[in-house]
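Participant: below: sequence and its predicted model.
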Amino acid sequence: MAELSASHHALVTGGGRGIGREVAAALMRAGVSVTILGRDRATLERAVSDGVAHAAVVADVADQAAVNEAIAEAAARQPIDILVANAGAAESAPFGKSDAALFRRMIDINLMGVVHATQAVLPSMKAHRHGRIVAIASTAGLKGYAYVSAYAAAKHAVVGLVRSLALEVATSGITVNAVCPGFTDTDLVAASVDNIMAKTGRSRDDAIAELAKHNPQGRLVAPAEVADSVLWLCGDGAGAVTGQAIVVAGGEI
């Protein structure tokens, strides 16, 4: 795969905010042509106007038909040879109160969202015999956390998907990897902080500390630290790295 440049086209799902936005910005700085995908058109358009991406397409990653249509629209401008499957959601509940609908939501977004985007871009990557697929998983894909059994199950499935697909395409010039952040300073974690505050009456600082204690460095991960790992996996130097789950969590795993 050639050095990253405008000859490469990256699609970043969930690219309008949080880790996805940071990944899109990092790829832009590397000279890559970037399209972001998400559900909220206004958020995506704001990211484009802020210079985070060149273009945006709208789809819910849980809707395969919508994803196929959006990715076809993006690929019509330029073939996609980098996919960062970042879109995700987290809900917490005790296992006994985690009904089938909650499990379906977590699997539809966190696992099937990766499947839908990957299936949409893979034929072109195979035809061109090069590509990079990076799924943003989580430390929850490698260990358990209490009260997020559905989310952890879905993220474990993403890691399994990555490891299996990497073997299938190993001779096709395509690498498939996961990046597994710990608790990261994003809107998603901010919602978890609000939930802790509401349920326990703790202050915001105490709620953040409750999450940060999982990280031996005693802090939340910065989105830019996750983006740097993704950027490396997309470049020349990681050509022999595939089927891996790269942990960005201050030594937690």
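Facilitator: Everything's here; your move.
Participant: flag the shaky bits of the stretch 1-150 of the chain, pLDDT-wise.
Facilitator: Along the stretch 1-150 of the chain, the model assigns pLDDT under 70 to residues 1-2.
Participant: the helices in it, which residues?
Facilitator: Along the stretch 1-150 of the chain, counting by DSSP state H, counting those that start in this stretch, helices occupy 18-29, 41-49, 64-77, 100-106, 112-128, 149-168.
Participant: so which of those helices is nearest residue 9?
Facilitator: helix 64-77 (7.6 Å; C-beta to C-beta). C-beta here means a position set from N, CA and C on the backbone, and glycine is covered the same way.
Participant: re the thing from before, okay, the helices of the stretch 1-150 of the chain in JSON lines with mean neighbour count and distance to residue 213 next?
Facilitator: As requested, the helices of the stretch 1-150 of the chain are exported to JSON lines (neighbours: other C-beta atoms under 10 Å; distance: least, C-beta to C-beta, whole Å):
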{"stretch": "helix 18-29", "mean neighbour count": "25", "distance to residue 213": "21"}
{"stretch": "helix 41-49", "mean neighbour count": "16", "distance to residue 213": "31"}
{"stretch": "helix 64-77", "mean neighbour count": "17", "distance to residue 213": "37"}
{"stretch": "helix 100-106", "mean neighbour count": "15", "distance to residue 213": "24"}
{"stretch": "helix 112-128", "mean neighbour count": "20", "distance to residue 213": "29"}
{"stretch": "helix 149-168", "mean neighbour count": "20", "distance to residue 213": "18"}
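Participant: to residue 218, which of those lies closest?
Facilitator: helix 18-29 (20.5 Å).
Participant: so what touches that closest one?
Facilitator: Here helix 18-29 makes contact (C-beta atoms under 8 Å, 6 or more residues apart in numbering) with 4, 10, 12-15, 34, 36, 38, 47, 51-54, 82, 84, 86-87, 136, 181, 184, 186-188, 223-224, 226-228, 230-231, 234.
Participant: do stretch 208-224 as well
Facilitator: For stretch 208-224, contacts defined as C-beta under 8 Å, 6+ apart pick out 18-19, 21-22, 26, 139, 145, 181-186, 189, 192-193, 196, 202, 248-252.
Participant: just the buried ones from the residues you listed?
Facilitator: 18-19, 21-22, 26, 139, 181-186, 189, 192-193, 196, 248-250, 252 (16 or more other C-beta atoms under 10 Å).
Participant: re earlier: which of the contacts of helix 18-29 fall in strands?
Facilitator: 10, 12, 13, 34, 36, 38, 82, 84, 136, 181 (DSSP state E).
Participant: quickly list the domain ranges of the chain.
Facilitator: 9-182+222-237, 183-220 (automatic domain parsing).
Participant: tell me how far residue 211 lies from residue 248.
Facilitator: Counting by C-beta to C-beta, to the nearest Å, the gap from residue 211 to residue 248 is 15 Å.
Participant: same check on residue 38?
Facilitator: The gap separating residue 38 from residue 248 is 22 Å, by C-beta to C-beta.
Participant: do the same with residue 106
Facilitator: 21 Å.
Participant: same check on residue 163?
Facilitator: Separation of residue 163 from residue 248 (C-beta to C-beta) stands at 18 Å.
Participant: so which residue is smack in the middle of the protein?
Facilitator: The centroid of the chain falls nearest to residue 86 when counting by C-alpha atoms, centre = their mean (1.9 Å).
Participant: I'd say residue 234 and residue 133 touch.
Facilitator: No: the pair residue 234 and residue 133 fails to qualify as a contact (C-beta atoms under 8 Å) at a distance of 9.7 Å.
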